[in-house]
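> Model the structure of this input:
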Amino acid sequence: MHHTIDVKDLFFDYPDGTPVLRGVDLFIKPGEKVALVGPNGSGKSTLLLHLNGILRGQGEVRVCSLAVEDDNLGQIRAAVGLVFQDPDDQLFSQSVFDDVAFGPLYMGFDSERVHGRVSEALAAVGLNGYERRVPHHLSSGEKKRVAIASVLAMAPEILVLDEPTAGLDPRARRDLIELLRRLPQTMLIATHDMRMVADLLGRTIVIDGGSIVADGPTDDIMRQEAMLVQHGLEAAYAHD
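Numbering: from 1, shown residues only. The predicted model follows:
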């Protein structure tokens, strides 16, 4: 079986020479929902940005069996829906419709198909009827959902999310977790929200100092309290 995401021996340094990723090996199978956890500065966001070619290090990165290289970037960016931590980095239009329609328009779809994609994506995130709303007037939770819809409109195979619950109030956080639970895509979610990890994601990868230090079923990882504390994390259970 092909892996949806396959990373082998990935190294990346900042332009000033500071090492960020140090030989990362990672594979994710189709349909898996995986957490990527670690302290600030551990390399989580840097790793995510390699999955659609925004950053390029040394090593091998393959997505949906395609190498992340210039010739394949169009296909890869259609396959990998990347949702940034701050939705204001992703939303730049005067209406929700225009933000969600941007991807399908860029892919060359006709007007009818664009409208269909926008309607389906907004329905998937529970925002029917928001087409004419101004994104910057929405709540944090609504903005996050519009950012996810803007990615879903491109019908990606994989969703890659950076801190999706950061800054949300408890109700918006619960709503977002239930949304992610319903979506069928393969997911890789970088997060500090260990309760969401325990509640939603069946596999957890721990990264620290640019290297993967643990990878296994979430229940097993959560039981390794000393290891989690060593890497700046806390064990959490969905129903504590």
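
> counting contacts, what elements does the lowest-mean-pLDDT helix or strand in the chain pack onto?
Least confident helix or strand of the chain, by mean pLDDT, DSSP states H and E, is helix 73-79 with a mean of 91. Counting contacts by 3 or more Cβ pairs under 8 Å, 6 or more residues apart in numbering; DSSP states H and E, helix 73-79 packs against strand 66-67. Just so you know, the C-beta spots here come from the backbone N, C-alpha and C atoms, and that holds for glycine as well.

> Now do the strand it packs on, average pLDDT.
Strand 66-67 carries an average pLDDT of 94.

> How about stretch 9-16?
Stretch 9-16 shows a mean pLDDT of 94.

> which residues are in contact with that stretch?
19-26, 43, 46-47, 50, 55, 57-61, 210 (Cβ atoms under 8 Å, 6 or more residues apart in numbering).

> Buried ones only from these, please, as a PyMOL command.
To isolate the buried members of the contacts of stretch 9-16 in PyMOL, using 16 or more other Cβ atoms under 10 Å:
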select buried, resi 20+21+24+26+43+46+47+50+55+57+59+61+210
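
> Could you list the buried residues of the host helix or strand of residue 175?
Secondary structure from DSSP states H and E places residue 175 in helix 170-182. Going by neighbour count (16+ other Cβ under 10 Å), the buried part of helix 170-182 is 172-173, 175-177, 179-180.

> Could you dump these into JSON lines and include distance to residue 146?
Formatted as JSON lines, these follow (distance: Cβ to Cβ, whole Å):
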{"residue": "172", "distance to residue 146": "13"}
{"residue": "173", "distance to residue 146": "16"}
{"residue": "175", "distance to residue 146": "13"}
{"residue": "176", "distance to residue 146": "12"}
{"residue": "177", "distance to residue 146": "17"}
{"residue": "179", "distance to residue 146": "12"}
{"residue": "180", "distance to residue 146": "15"}
